[in-house]
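Novice: Show me how the following folds:
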Amino acid sequence: MERSWKHSQEEEEGAAAARCTDRAPDAPRFPQRAFWVGLSAVLFLVTFALGLMGHLWLSGPKSQSPQIVRITAPDEAGAPFNQSAAVDQRNGLVTFAVTSPANQTSAVLYDVNHGLICYRPVDRNLCLLRTMERSDHDDVSSLLRAPTHESRFRFSSNETQRRTEFLGVLPVSRVNASSLEEPVQALCQDRPVHWTRRADGPGKQRLVYFCIDICFPSNICVSVCFYYLPE
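Specialist: I've put the predicted structure just below:
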């Protein structure tokens with residue numbers, strides 16, 4: 001009799017546990033899209049950084065591994081977006097991976113030692129080059145001088161300072177790729193490279209073809225917009 005009562009009690013406890021399990025809320029879904037977008041940017045930077053390190057190792061002293069820095073900042077509508085940067089403090093190189101909502105990645109290289117910035121837009125078969133100015137050195141120094149243990153920066157809408165820069169593309173100013181420095185060659189590979197120049201704006205007769213947004217740990221976001229100048 002006692003054995004039968006214990007058996008009945010165990011069945012009731014098992015049924016109660018099953019009912020509690022059935023009523024348990026579904027576990028929150030993992031944000032897969034955000035994960036894959038961030039992962040693709042990091043993989044792009046790691047692949048490029050390793051290739052660039054190989055070029056630099058063959059042509060000079062052995063380089064230390066670049067640090068991957070992640071920056072989360074709001075866009076103009078206030079929605080947060082992520083960027084990643086490979087920082088090579090020893091060689092004065094910072095390479096941004098700017099991932100679009102369509103999961104396509106553009107690249108921006110700051111070569112501080114040679115005073116150059118190179119843009120490689122994702123949807124155009126070319127690279128765009130310009131010389132660095134004082135404001136560019138100030139912006140990128142927040143990464144090159146950051147403590148090596150800081151690998152993530154987050155900013156809110158009311159903290160971020162924004163500015164827009166316009167660059168005119170010179171169609172006839174194609175650069176001889178063999179004359180470029182090694183980091184730019186590694187970024188552009190076989191793409192044609194054109195010089196650009198700073199301008200106040202495209203004017204009413206010119207259209208802005210595309211923009212690339214770059215954010216820095218100094219809490220400054222720069223929207224670099226390109227348009228084509230007449231030949």
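Novice: Could you tell me how many residues sit around V94?
Specialist: Applying other Cβ atoms under 10 Å, we find 25 residues neighbouring V94. C-betas here are computed from N, CA, C, even on glycine.
Novice: Isn't it up against L143?
Specialist: Yes. V94 is in contact with L143 according to Cβ atoms under 8 Å; the separation is 5.2 Å.
Novice: Show me the common contact partners of the two, please.
Specialist: Any residue near both V94 and L143 by Cβ atoms under 8 Å, 6 or more residues apart in numbering counts here, and that gives 85, 87.
Novice: Tabulate the CA atom coordinates of whichever strand or helix holds A186 in CSV.
Specialist: Secondary structure assignment for A186, by DSSP states H and E: helix 182-188. The C-alpha trace of helix 182-188 is given here as CSV (Å, rounded to 0.1, in the frame of the first residue of the first chain):
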residue,chain,number,x,y,z
GLU,A,182,52.7,49.1,-49.6
PRO,A,183,49.6,49.5,-47.4
VAL,A,184,47.6,51.2,-50.1
GLN,A,185,48.7,48.5,-52.7
ALA,A,186,47.6,45.8,-50.3
LEU,A,187,44.2,47.4,-49.8
CYS,A,188,43.4,48.2,-53.4
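Novice: got a list of contacts for stretch 198-208?
Specialist: Counting by Cβ under 8 Å, 6+ apart, 130, 133, 165-168, 225-229 sit against stretch 198-208.
Novice: Correction: the previous question concerned stretch 139-152.
Specialist: With Cβ under 8 Å, 6+ apart as the criterion, stretch 139-152 contacts 67-72, 85, 87, 89, 92, 94, 110, 112, 216-218, 220, 222.
Novice: Of the residues you listed, just the buried ones, ChimeraX syntax please.
Specialist: Applying 16 or more other Cβ atoms under 10 Å to the contacts of stretch 139-152, the buried members can be selected in ChimeraX as follows:
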select :67,68,69,70,71,85,87,89,92,94,110,112,216,217,218,220,222
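Novice: The chain: strands as residue ranges?
Specialist: Along the chain, the stretches classed as strands by DSSP state E are 67-74, 80-88, 93-99, 105-111, 116-120, 127-131, 152-154, 161-174, 193-199, 210-216, 220-228.
Novice: Tell me the strands beside the fourth one, with direction?
Specialist: The pairing partners recorded for strand 105-111 under DSSP bridges are strand 93-99 (antiparallel), strand 116-120 (antiparallel).
Novice: List the buried residues in the last one.
Specialist: Spelled out, that is strand 116-120. Buried residues in strand 116-120, counted by 16+ other Cβ under 10 Å: 116-120.
Novice: That one versus strand 161-174: what angle between them?
Specialist: Taking axes from the mean of the first three to the mean of the last three Cα atoms, to 10 degrees, one finds strand 116-120 and strand 161-174 inclined to each other by 90 degrees.
Novice: now do the first one
Specialist: With the same axes, to 10 degrees applied, the angle from strand 93-99 to strand 161-174 works out at 100 degrees.
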